[in-house]
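Got a sequence here, can you model it:
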Amino acid sequence: MLIEKSKVIEVLKGVIYFAKGDNIIDLGMLDELEISGRQIKFRLVFPRLGEPAVNIVSNAAEKALKEVFGPETQVEITPITEKEKGRGPLAGVKHIIAVASGKGGVGKSTVAANLAVALSRSGAKVGLVDADIYGPSVPIMFGIVDEGPGMVEKEGKQMIVPIEKFGIRLLSIGFFVDTDKPLIWRGPMATSALNQLLKDADWGVLDYLIIDLPPGTGDIQLTLAQSYSITGAVVVTTPQKVAFADVRRAATMFRQDKLTIPLLGLIENMAYFTPSDMPGKKYFIFGKGHGEGFANALGIPLIGQIPIVEQISESGDSGSPIALDEDSPVAKAFLEVALRVKSLIHN
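Residues are numbered from 1 along each chain as shown. As a prediction, this is how the structure comes out:
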């Protein structure tokens, strides 16, 4: 029997690492898979090597492969640590999605927060990082202004424990600074803060980690693109041409040769107005068709159109994102966006 890489991966999907509650493929534990004749060679990435699960998982993987490809198959498995692989605390995060915009005022943070909620409602394990260093809004949007994350020691290192609200793990720079005062930081300080939110936090196992980026094309965006494995970026715009002009710059930055982050698609926020007493009505007060035109100009899909309703600002101010309200047309729009994002990632 010819041993194909796709078949090996399919077999290894049946091997579960119970400490993280998923199979070793979806957890990204498989590394440097090589196939030569009847020999299968690969590395398995573990948080640490001193635990019984290392032998249990390795033996289970070898047994599963020999059952399918025959007992004469040579299977060589080398366990390594996340530190050796350079993964660290994000090892359990399957997909990182950046939410970006070229300018402020387009509702990017609202989209990021509600996308996280909608993905969670779809059954995914979700985290949200508020990396909008100069204008953190997650504490207000999730009603956790007066709360702060905990700390836990892991392998001799103090790790931040994200706050969990509505089933979503949350971290924001707003937890660590006085939000009533302006944050006057140079670039290196801002990027250091981002790295702490990502690398010094115990995120555990997540299907999606949403990162709410600051507007523009500055140090935070550069650090994210250069230092982390990002699944893709979603760009947010409003129907006005002036907003799209800045979005185009943000999209172009992600397409630079050394900063390539796949663009999953465009979300048109404030696409139309829907009165609360007539949820079936759509009034395109800024004009119709702009979102499709903008997406076509960038060569990416239009992921969704989010309407304007009075409840959006009310829900954000009250600490309960509108995507939690299953009867709201906005919640339905965000759920459609979440399902579309999942489809784009997994297809």
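
So residue 229 is in contact with residue 96, correct?
Yes. Residue 229 is within contact range of residue 96, at 6.8 Å (criterion: C-beta atoms under 8 Å). Backbone N, C-alpha and C define where each C-beta goes, glycine included.

Compare neighbour counts for the two and give me the winner.
Ranked by neighbour count (other C-beta atoms under 10 Å), residue 229 and residue 96 place residue 96 first, with 22 against 11.

Quickly find the element holding the more buried one.
If you go by DSSP states H and E, residue 96 is part of strand 93-100.

Would you state the helices of this structure in chain order?
For the chain, the helices defined by DSSP state H occupy 5-12, 53-69, 82-85, 108-121, 138-141, 187-199, 219-227, 241-254, 290-298, 310-318, 329-346.

measure stretch 270-285 end to end?
Using C-alpha to C-alpha, to the nearest Å, the end-to-end distance of stretch 270-285 comes out at 9 Å.

Not counting that stretch itself, show me its contacts.
With contacts defined as C-beta atoms under 8 Å, 6 or more residues apart in numbering, stretch 270-285 is touched by 106-107, 238-239, 286, 288, 290-291, 305-311, 329-330.

For the residues you listed, which ChimeraX command selects only the ones that are buried?
Paste this into ChimeraX to select the buried members of these, with burial taken from 16 or more other C-beta atoms under 10 Å:
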select :106,107,238,239,286,290,291,305,306,307,308,309,311,329,330
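
ok, residue 97 - contacts?
115, 208-211, 230-234, 264, 341, 345.

got any ranges where the stretch 101-250 of the chain has weak pLDDT?
Along the stretch 101-250 of the chain, the model assigns pLDDT under 70 to residues 103, 154-156, 177-190, 216-218.

about what we covered before: what about the strand holding residue 96, average pLDDT?
The average pLDDT within strand 93-100 is 89.

What pairs with that strand, parallel or antiparallel?
Next to strand 93-100 in the sheet, as set by DSSP bridges, lie strand 206-212 (parallel), strand 232-237 (parallel).

Residue 299 - how many residues pack around it?
A count of nearby residues for residue 299, using other C-beta under 10 Å, gives 9.

Only the buried residues of stretch 121-135, if you could.
Neighbour-count burial for stretch 121-135 flags 121, 124-135 (criterion: 16+ other C-beta under 10 Å).

I meant stretch 234-254, not that one.
234-239, 243-244, 246-248, 250-251, 253-254.

Can I get it in CSV, CA atoms only?
Taking Å, rounded to 0.1, in the frame of the first residue of the first chain, the C-alpha atoms of stretch 234-254 are listed here in CSV:
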residue,chain,number,x,y,z
VAL,A,234,-11.0,40.6,8.3
VAL,A,235,-11.2,44.3,7.2
VAL,A,236,-14.0,46.5,8.3
THR,A,237,-15.4,49.5,6.5
THR,A,238,-18.5,51.7,6.3
PRO,A,239,-20.1,52.5,2.9
GLN,A,240,-18.4,55.9,2.6
LYS,A,241,-15.6,56.1,0.0
VAL,A,242,-13.4,58.0,2.5
ALA,A,243,-13.5,55.0,4.8
PHE,A,244,-12.6,52.6,2.0
ALA,A,245,-9.6,54.7,1.0
ASP,A,246,-8.1,53.9,4.4
VAL,A,247,-9.2,50.3,4.3
ARG,A,248,-7.4,49.8,1.0
ARG,A,249,-4.2,51.0,2.6
ALA,A,250,-4.6,48.5,5.5
ALA,A,251,-5.3,45.7,3.0
THR,A,252,-2.3,46.6,0.9
MET,A,253,-0.1,46.5,4.0
PHE,A,254,-1.1,42.9,4.7
